[in-house]
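> sequence first, predicted model second:
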Amino acid sequence: SVYLKQFINGGVLKLSGVELISEFSNKKYFGSECCLLPFSHSSSIDLFAIAYSCPVSQVSLGKWELFLIPFFSWLLIAFGAFPVDRKDRGQAVKALHRAAMAALRDKSGDSIAISPEGTRSKSGLLVPFKKGPFYIWEEFRLSISPIVIIGAYELCPPGRFMFNTGRVYIRYLDPIKHNEAKSRDHMSILLRRAMLQSILTNCPLDAGAEISSYVTIQTYAYILINFI
């Protein structure tokens, strides 16, 4: 369930000393319909942040290598993730289509979390978008609810296994309705513009900063209560 997913992923973030601050432009929108949740992707923290903060359940895609890791792969499958081979375009398209169908079968407002960049950005900046998510947008006539994650790259950039402690912001932007775009390329432009405007015009100065003493105490208290 969404509550179990939030509990487990929230626990991972707390144990790692990551303080997540969630911002919603329209929280009531979630659950009203299935939508795409395209997110900026620059860190391993991103999916934990989405799973913890998103008010509805979501299916997602993960590189197939992650499904070879014991225990972690079980969690991925239990939480509705689909393996994708990024080197095999045909298999990747099929995996994306299966994820969309799984979300649409659920009548409670399940959504599809996907990185339009295709993989983590090595610079922390938005890289060019892939075409796959926009084919799904077009085929199933879905709305898009963009997600911007700020500060995660500073705490755990690609190539690092462990998280640094610090503050991360996750921002759910205004939905982009299906009829606002005239084509796949047009929707890609609208999405990129919305993400960049959010980052450039309202970037928190303390994103990626060290957590406060109060949050540190909360982290220790969580460990004591749950593991000792």
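Great, that's in hand.

> and Ile136, backbone torsions?
Per-residue torsions, Ile136: phi -70, psi -40 (degrees, to the nearest 10).

> run a quick check on it versus Cys35, I expect a contact.
No - taking contacts as Cβ atoms under 8 Å, Ile136 lies outside contact range of Cys35: 10.9 Å. All C-beta atoms are positioned from the backbone trio N, CA, C, and that covers glycine.

> in terms of neighbours, single out the busier of these two.
The neighbour comparison of Ile136 against Cys35 (other Cβ atoms under 10 Å) goes to Cys35, with 25 against 20.

> give me the nearest residue to that one, chain neighbours excluded.
Spatially, and ignoring its direct neighbours in sequence, Cys35 is nearest to Ser143 (4.6 Å; Cβ to Cβ, 6 or more residues apart in numbering).

> again with Asp206
Arg167 is the one closest to Asp206 (Cβ to Cβ, 6+ apart), at 5.7 Å.

> what's the helix or strand encompassing Leu190 packed up against?
Per DSSP states H and E, Leu190 falls inside helix 184-201. Helix 184-201 sits against helix 132-140, strand 147-150, with contacts defined as 3 or more Cβ pairs under 8 Å, 6 or more residues apart in numbering; DSSP states H and E.

> repeat that for 10 Å
strand 35-38, helix 132-140, strand 143-144, strand 147-150, strand 166-172 (3 or more Cβ pairs under 10 Å, 6 or more residues apart in numbering; DSSP states H and E).

> let's have the ones you listed in CSV, adding mean pLDDT and distance to Ser198.
Output for the helices and strands packed on helix 184-201, formatted as CSV (pLDDT from 0 to 100; distance: least, Cβ to Cβ, whole Å):
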stretch, mean pLDDT, distance to Ser198
strand 35-38, 91, 13
helix 132-140, 88, 18
strand 143-144, 91, 14
strand 147-150, 97, 5
strand 166-172, 95, 6
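
> Leu196: which of the ones you listed is closest?
Judged by Cβ to Cβ, the one of these that comes nearest to Leu196 is strand 147-150, at 9.0 Å.

> pull the CA atoms of the helix or strand just after that closest one into CSV?
Sequence-wise, the next helix or strand downstream of strand 147-150 (DSSP H and E) is helix 152-155. The C-alpha coordinates for helix 152-155 follow below in CSV (Å, rounded to 0.1, in the frame of the first residue of the first chain):
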residue,chain,number,x,y,z
ALA,A,152,19.8,15.4,-3.7
TYR,A,153,22.8,15.6,-6.1
GLU,A,154,24.9,17.4,-3.5
LEU,A,155,24.2,14.5,-1.0
